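Visitor: Fold the following for me, if possible:
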Amino acid sequence: MIKIDLTKMVEINTKLYTSTAQAVFDNLGTTALRNLLSSITQIYARHDPGLRKDPLALFADATLQPSKLPGAIRATVAISRVTHELDGPTIARVRADGALEVSSLDLAALTELSKTAVVYLFDSNGERFIIGGKVHLLDNPVVGYPSMFSKPTFGSLKEALEDYRLKAAAQTSCLVLKDVWNDEKRWWFRTKPEATMRRSLTQFLRNVLRDANVRPEQNVDESHPVDIHVGFAMTQLHAIIEIKWLGKSMDANGDEATPYAQGRAHEGAKQLAEYLDKSHEWAPSYTTRGYLVVYDGRRSGLKKGIKQLDHENALNYEKEDIFYDPVYTGRKDFEAPVRMFMYPNLA
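Guide: Numbering: from 1, shown residues only. Here you go, the predicted model:
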């Protein structure tokens, strides 16, 4: 697996644009560029650019006279304390003391601003520097990195969950996950399969996520355990994963145990939102995002003693999406829930 040294990538880009900044602003341009690049990496260690839906511009003054910030300052915050100040279309002055002066972004003002400052812009079209009125596009050499100045974090986790859904959960191809079933036809879960599901997903994420610490059953405060916690190395970005399962289970005596319908998934959404609130309360300096993973093993018409289940009933819930209260799914820190339909053995 290829591992990217983010520090070296920043050093390379510093060298690439130093000559341009030097030519336009002399030594003050070189200093501004280095300050800007350092600040970008620090900001992205707290603020995942892959989640942005709006453009973000940052600039560092390259003249003795401070540049005029387009629009009124709406916040001044240290980079180490950034939370939601950069939400929406935003521009921020990067100060030498590590603070940001934040304002609403006016894209039309960037060219003029670049005559007195080194400007960086991130949007849906990629990244670029604007120096002395000229735009310099940045080519990101690494697939999966939203920015060459950031590590893959929430975006890579989302992709990993989708891979797990398709490659491990769908056909129960994970050796650990096979133990959740009570029968070879994959109709009935064993009682309380959550622990096995958690072990399976934890193992998968540990194998595929670079520079991440994946831990099962971690408390978000003194009394609230979340199924899986993912901490991304060298960042203040964390993810919490809540696991729920749907379907019917059978105990060792062959008796039907507690069944779960889609209401269980709704409970999971509420529970995850509460965990996120607790996490923000107990660790306000971290950016935490929540993921609800629902293992769906529902079979229509399944009853104790049944010997045959036609394909229509066995696959009845294959395409049945679960709709959640937007109070939860509409939150900025709540990722779209992942339903993993677990196919029966139709052989």
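Visitor: those helices in this structure, which residues are they?
Guide: For the chain, helices defined by DSSP state H occupy the ranges 6-25, 27-44, 110-113, 154-164, 194-208, 263-282, 311-314, 326-329.
Visitor: Next up, the contacts around Asn316.
Guide: Asn316 sits next to 298-301 when contact means CB atoms under 8 Å, 6 or more residues apart in numbering. For glycine as for every other residue, the C-beta is placed from the backbone atoms N, C-alpha and C.
Visitor: Tell me who's in contact with the closest residue in space to His280 that isn't next to it in sequence.
Guide: The shortest distance from His280 to any non-neighbouring residue, by CB to CB, 6 or more residues apart in numbering, is to Thr288 (6.5 Å). Contact partners of Thr288, counting by CB under 8 Å, 6+ apart, are 237-240, 276, 279-280, 333.
Visitor: hey, what's Thr288 bridged with?
Guide: His238 (DSSP bridges).
Visitor: mind checking how far Asp124 is from Asp54?
Guide: Wrong residue type there; residue 124 is Ser, not Asp. From Ser124 across to Asp54, the span is 9 Å (CB to CB, to the nearest Å).
Visitor: Give me the more crowded residue out of these two.
Guide: Counted by other CB atoms under 10 Å, Ser124 and Asp54 do not tie: Asp54 has more neighbours, with 13 against 8.
Visitor: my guess is that one meets Pro89, correct?
Guide: Yes: when contacts are counted by CB atoms under 8 Å, Asp54 is listed as touching Pro89 (4.5 Å).
Visitor: Mutual contacts of the two, please.
Guide: Common neighbours of Asp54 and Pro89 (CB under 8 Å, 6+ apart) are Leu105.
Visitor: pLDDT averaged over stretch 298-306, what's the number?
Guide: The average pLDDT for stretch 298-306 rounds to 93.
Visitor: can you pull the buried residues of that stretch?
Guide: Neighbour-count burial for stretch 298-306 flags 298-299, 302 (criterion: 16 or more other CB atoms under 10 Å).
Visitor: Make a markdown table out of those and add distance to Arg206.
Guide: Formatted as a markdown table, these follow (distance: CB to CB, whole Å):
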| residue | distance to Arg206 |
| --- | --- |
| Arg298 | 29 |
| Arg299 | 31 |
| Leu302 | 34 |
